[in-house]
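>>> Provide a 3D model corresponding to the input given below.
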Amino acid sequence: MTARLMVLALAVTGASLPTAASAQPDPANSAVPTVIRLVGKKGNTADPAGLFQVVVRDVNNVPIEGAKVVVEFGGCAQLVIGSEQLYPGVALEQCDPPAVSALTDVSGTASFVVMGGVAHRLAPEPVGPCGVIRASVGKDPPVDLGSVRVAAFDQDGVNGVGWNDYRLFLCDFNLLLGPDHQRSDLDGDGFVVLDAGDLQLMTSAVCGGGSDRSAARCDGEPENLLRRADDGDLYLAWNNCRGEGGSTTASFACNTNSGSHFLIASFRAPAGVDALTGFEAELAVVGDAGVDLAPWWRFQAGGCRAGAITLLSSPATVCDFIGSGGACATSEYPEAGTVLHQQRIRLTGGTVGGGLTAGQEYALFGLQINHTKTTGAGSCTGCNQPVALVLQSVRLIGGGSCNEPASPGDRASIGAAVISEDVVMNITSGSSGAVAYWQGVPSGFSITDVPAGLASTDWLAPPAPNPARGGVTFRFGLARDARVSLAIYDLAGRRVRALEGGTLPAGEHVATWDGRGERGERLAGGLYFLRLLSGDRVLTRPVVRMR
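Modelled structure (predicted):
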């Protein structure tokens, strides 16, 4: 280890470290993880599956604070480490060979979440450990604490952790690779078999929300291959597809614990979508404004109705059904960042069939909502309270089948099975097709008040109204925190009004334009353009001003 990887200062107390010699890391007393699991991230929140810790102690078993712990991944040829590490305290030391670092706290613990993916999905795998962990104090030479196995949830190396990674994980077991495929050895037992340990961890990573992003990669491979279907229609209805007579409303006497209602999600296929392998979707359950969501509608783990929803593999629909069951339907109540009358349900599943016909409605999934705990002992209150269910967003995941490679390491031979192009659809202001009601419309509900799920790519909705004589509202979404510029331009390409500038957080945002220029002057009627610049993405929408 060279001097550039060494910490410059040591923060310890004389009481805990009586001599310089006793402050050195000791492999026998320190602790390293069994396996390091690489994941993507959501903003600055760590994916729980990717958190690992290294505890550094001296020869007297005393924790060392301020020790620099470096993890080198040079022996992991099949992995690529992200060129940025957003988890607080974790720094990228170098890309080639990759190494990351963190400092120990007062308990001697260095905490990591390392972002990364797969460089070559079918590359030969080393059988033994491939990550080397070293710790140093001050200017002392680093001490080897040991080696550790490294595995990756992000199987395709792009778009974070989601359905495509789950599919590739199963492909490896079923068709492609043998028992020494280290990259998927998530439980660190030294073997890759379809056992409870590996499968449970992968399922938990995907069903726990997965990850919305991968880090920018040191190998320069694509980070994100998503596109947005601006005009893709989303629908939600009871018992059938919306276009085939599905109802927008449902009611129930709430006097029995038997039976179920079926919520059907469908979409009108955008042009150019084919070879689908799966989907990810988000639903919002919205109750009366200003009060807690009724317990009967809280499906999260530990809640009154945990386990009362099921993602169906074959709902009774008339329109073409392309779903093939799901990995999970998970709930969050209350939804992070919202008031207590709203819950989010994430759904992840597979699809069947090849190309789709543009403009045709397809059933994507069916959600069975059973009637348990409606009456009698252990019942949950609120079955008779009105709620609105909103299909906020859908991600259609492309890709091929689990094809046998021509030879180990031959990435091209499995084509789209490795990297896919996905399509994201989100509701926009005023959308009503993606809303279904239970027992009526909840008090204070408006579709414009329900934020769309975080997109995996930036988006810019059509202006409303357009054309306009007065003010115009613009809604746009960011996949991640970004520095943006939102401005109005005339036909000659001149900027006539800046609306937004600076760094904005991920999520949906709203801006307005009163039709005036930079100095407050009234602009002439005609055609203008709204331009959103976010990172290296440029999105535009036409705006017509009427006088």
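>>> could you pull out the strands for the stretch 101-250 of the chain?
109-113, 116-118, 131-136, 143-152, 226-228, 233-238, 249-250 (DSSP state E, counting those that start in this stretch).
>>> which one of those has the poorest average confidence?
In terms of mean pLDDT, the lowest-scoring of the strands of the stretch 101-250 of the chain is strand 226-228 (a mean of 73).
>>> other SSEs contacting it?
In terms of contacts (3 or more CB pairs under 8 Å, 6 or more residues apart in numbering; DSSP states H and E), strand 226-228 is packed against strand 422-426. All C-beta spots, glycine's among them, are computed from the backbone N, C-alpha and C.
>>> the strand it packs on versus strand 233-238: what angle between them?
Strand 422-426 and strand 233-238 are oriented at 70 degrees to each other (axes from the mean of the first three to the mean of the last three CA atoms, to 10 degrees).
>>> quick check, central residue of the chain?
Nearest to the geometric centre of the chain sits Asp212, at 2.5 Å (CA atoms, centre = their mean).
>>> Val69: neighbour count?
Neighbour count for Val69, taken as other CB atoms under 10 Å: 28.
>>> once you drop chain neighbours, what's closest to it?
Nearest residue to Val69, sequence neighbours excluded (CB to CB, 6 or more residues apart in numbering): Ala110, at 4.0 Å.
>>> quickly list what that neighbour is bridged to.
In this entry, Ala110 is beta-bridged to Val54, by DSSP bridges.
>>> between strand 143-152 and the longest helix seen in the chain, find me the angle.
If you go by DSSP state H, the chain has its longest helix at helix 196-207. Between the axes of helix 196-207 and strand 143-152, defined by the same axes, to 10 degrees, the angle is 70 degrees.
>>> in helix 196-207, which residues are buried?
Going by neighbour count (16 or more other CB atoms under 10 Å), the buried part of helix 196-207 is Asp198, Leu199, Leu201, Met202, Ala205, Val206, Cys207.
>>> from the residues you listed, which is closest to Gly398?
Proximity of the buried residues of helix 196-207 to Gly398 (CB to CB) peaks at Val206, which lies at 17.4 Å.
>>> now that closest one. Nearest residue, chain neighbours left out?
Val206 sits nearest to Tyr166 (CB to CB, 6+ apart), 4.8 Å away.
>>> what do you get for Ala524?
Excluding its sequence neighbours, the residue lying closest to Ala524 (CB to CB, 6+ apart) is Arg547, at 7.1 Å.
>>> what about the one you found, how many neighbours?
A count of nearby residues for Arg547, using other CB under 10 Å, gives 9.
>>> next one: Phe252
Using other CB under 10 Å, Phe252 has 15 other residues around it.
>>> tell me the spacing between it and Gly382.
12 Å (CB to CB, to the nearest Å).
>>> same deal with Arg346?
Distance from Arg346 to Gly382, by CB to CB: 22 Å.
>>> repeat that for Val143.
When Val143 is compared with Gly382 (using CB to CB), they lie 59 Å apart.
>>> so what are the sheet partners of the worst-scoring helix or strand of the chain on mean pLDDT and their directions?
Of all helical and strand segments in the chain, the minimum by mean pLDDT, DSSP states H and E falls on strand 226-228, at a mean of 73. If you go by DSSP bridges, strand 226-228 pairs up with strand 422-426 (parallel).
>>> who are the packing partners of the following helix or strand past the strand it pairs with?
The element immediately downstream of strand 422-426 (helix or strand, assigned by DSSP states H and E) is strand 435-438. The helices and strands touching strand 435-438, judged by 3+ CB pairs under 8 Å, 6+ apart, are strand 233-238, strand 249-250, strand 387-398.
>>> swap in 7 Å and give it another go.
Counting contacts by 3 or more CB pairs under 7 Å, 6 or more residues apart in numbering; DSSP states H and E, strand 435-438 packs against strand 233-238, strand 387-398.
>>> mean confidence for that strand?
97.
>>> partner strands of it, parallel or antiparallel?
strand 249-250 (parallel), strand 387-398 (antiparallel).
>>> quick one: contacts of it?
By CB atoms under 7 Å, 6 or more residues apart in numbering, the residues outside strand 435-438 that reach it are 236-238, 248-250, 263, 386-390, 447.
>>> mind putting those in CSV, distance to Glu361 included?
Formatted as CSV, the contacts of strand 435-438 follow (distance: CB to CB, whole Å):
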residue, distance to Glu361
Leu236, 12
Ala237, 11
Trp238, 16
Thr248, 15
Thr249, 20
Ala250, 20
Leu263, 16
Pro386, 27
Val387, 25
Ala388, 21
Leu389, 18
Val390, 18
Ile447, 20
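>>> and these, which of them are buried?
By neighbour count, with 16+ other CB under 10 Å, the contacts of strand 435-438 hold Leu236, Ala237, Trp238, Ala250, Leu263, Pro386, Val387, Ala388, Leu389, Val390, Ile447 as buried.
>>> which one of these is nearest to Gly287?
Distance to Gly287, by CB to CB, is smallest for Val387 among those, at 5.1 Å.
>>> tell me the contacts of the closest one?
Taking CB under 7 Å, 6+ apart, one finds Val285, Val286, Gly287, Trp297, Trp438, Pro442 in contact with Val387.
>>> hmm, 6 Å instead?
Neighbour list for Val387: Val285, Gly287, Trp297, Trp438, Pro442 [criterion: CB atoms under 6 Å, 6 or more residues apart in numbering].
>>> in strands, which of these appear?
Among those, the members found in strands (DSSP state E) are Val285, Trp438.
>>> what subset of the contacts of Val387 is buried?
Among the contacts of Val387, the ones that count as buried by 16+ other CB under 10 Å are Val285, Gly287, Trp297, Trp438, Pro442.
>>> tell me the pLDDT of the third one.
Right, Trp297. Per the predicted model, pLDDT is 95 at Trp297.
>>> my read is that it contacts Leu283, right?
No. The pair Trp297 / Leu283 is not scored as a contact, 11.4 Å apart, by CB atoms under 6 Å.
>>> picking up where we left off before, least reliable of the strands paired with strand 435-438 going by mean pLDDT?
For these, mean pLDDT drops lowest on strand 387-398, to a mean of 90.
>>> convert that strand to CSV, retaining C-alpha atoms only.
The C-alpha coordinates for strand 387-398 follow below in CSV (Å, rounded to 0.1, in the frame of the first residue of the first chain):
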residue,chain,number,x,y,z
VAL,A,387,-59.5,5.6,-0.6
ALA,A,388,-58.1,6.4,-4.0
LEU,A,389,-55.6,4.0,-5.6
VAL,A,390,-53.2,5.6,-8.0
LEU,A,391,-50.9,3.8,-10.5
GLN,A,392,-48.0,6.3,-10.2
SER,A,393,-45.4,4.8,-12.4
VAL,A,394,-44.5,1.8,-14.5
ARG,A,395,-41.1,0.7,-15.7
LEU,A,396,-41.2,-1.9,-18.6
ILE,A,397,-37.9,-3.8,-18.6
GLY,A,398,-36.5,-5.0,-21.9
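>>> no more questions from me, cheers.
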